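S.K.: Test case, fold it:
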Amino acid sequence: MKVNDPKVLQEVQAVFARYERALVSNDIDVLDELFWGSDHTVRYGPSESLYGQSEILAFRKARPSKGLERTLRRTVITTFGADFATANTEFTRESSDMIGRQSQTWVRMAQGWQVVAAHVSTRDRTEGDA
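M.R.: Residues are numbered from 1 along each chain as shown. As a prediction, the model looks like this:
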């Protein structure tokens with residue numbers, strides 16, 4: 001199995017960037033498209049645990065659509081073979097003293113790359129980097 005095959009890595013970097021654009025612009029249709037449409041999909045957030053496509057979509061529709069801009073840092077995308085990848089990043093928002101952390105597991109499905117599991121958490125900026 002090849003790790004970070006350049007072609008596969010480029011594909012995942014592109015879909016990760018598309019996800020980020022959709023996230024900060026609250027493009028729910030694209031966000032829903034990029035998450036696996038399955039009851040097996042899981043998304044844990046700072047204050048929510050969502051199981052399945054319907055819970056994730058309901059959360060996205062109910063969350064505020066303003067103030068979503070953020071700056072990414074320390075993004076690490078790793079591909080394993082041609083059909084599996086992880087994406088991890090930290091993010092900051094001007095309006096917050098917290099550092100966010102986001103982890104995603106991507107799998108190439110028949111309809112393209114999709115997130116099958118995600119986790120978002122935050123920590124105080126004063127905690128330092130480990």
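S.K.: hey, let's count contacts and neighbours off CA atoms from now on
M.R.: OK.
S.K.: how near is residue 122 to residue 103?
M.R.: According to C-alpha to C-alpha, to the nearest Å, residue 122 stands 12 Å off from residue 103.
S.K.: Those two: which is more packed in?
M.R.: More neighbours surround residue 103 than the other of residue 122 and residue 103, with 21 against 16 (other C-alpha atoms under 10 Å).
S.K.: Just list the residues touching that one, thanks.
M.R.: Applying C-alpha atoms under 8 Å, 6 or more residues apart in numbering, we find residue 103 in contact with 86, 87, 88, 89, 118, 119, 120.
S.K.: Which residue, other than its chain neighbours, is closest to the first one?
M.R.: To tie it back to what came earlier, the one meant is residue 86. The shortest distance from residue 86 to any residue other than its chain neighbours is 4.6 Å, reached at residue 105 (C-alpha to C-alpha, 6 or more residues apart in numbering).
S.K.: Which strands or helices does the top helix by length along the chain pack on?
M.R.: The longest helix of the chain (DSSP state H) is helix 6-24. Judged by 3 or more C-alpha pairs under 8 Å, 6 or more residues apart in numbering; DSSP states H and E, helix 6-24 is in contact with helix 28-34, strand 71-80.
S.K.: What is the subsequent helix or strand relative to the first one?
M.R.: Just to be clear, that refers to helix 28-34. Once the chain leaves helix 28-34, the next helix or strand it forms, by DSSP states H and E, is strand 42-44.
S.K.: who does that next one pair up with?
M.R.: When pairing is defined by DSSP bridges, strand 42-44 lines up against strand 49-51 (antiparallel), strand 112-124 (parallel).
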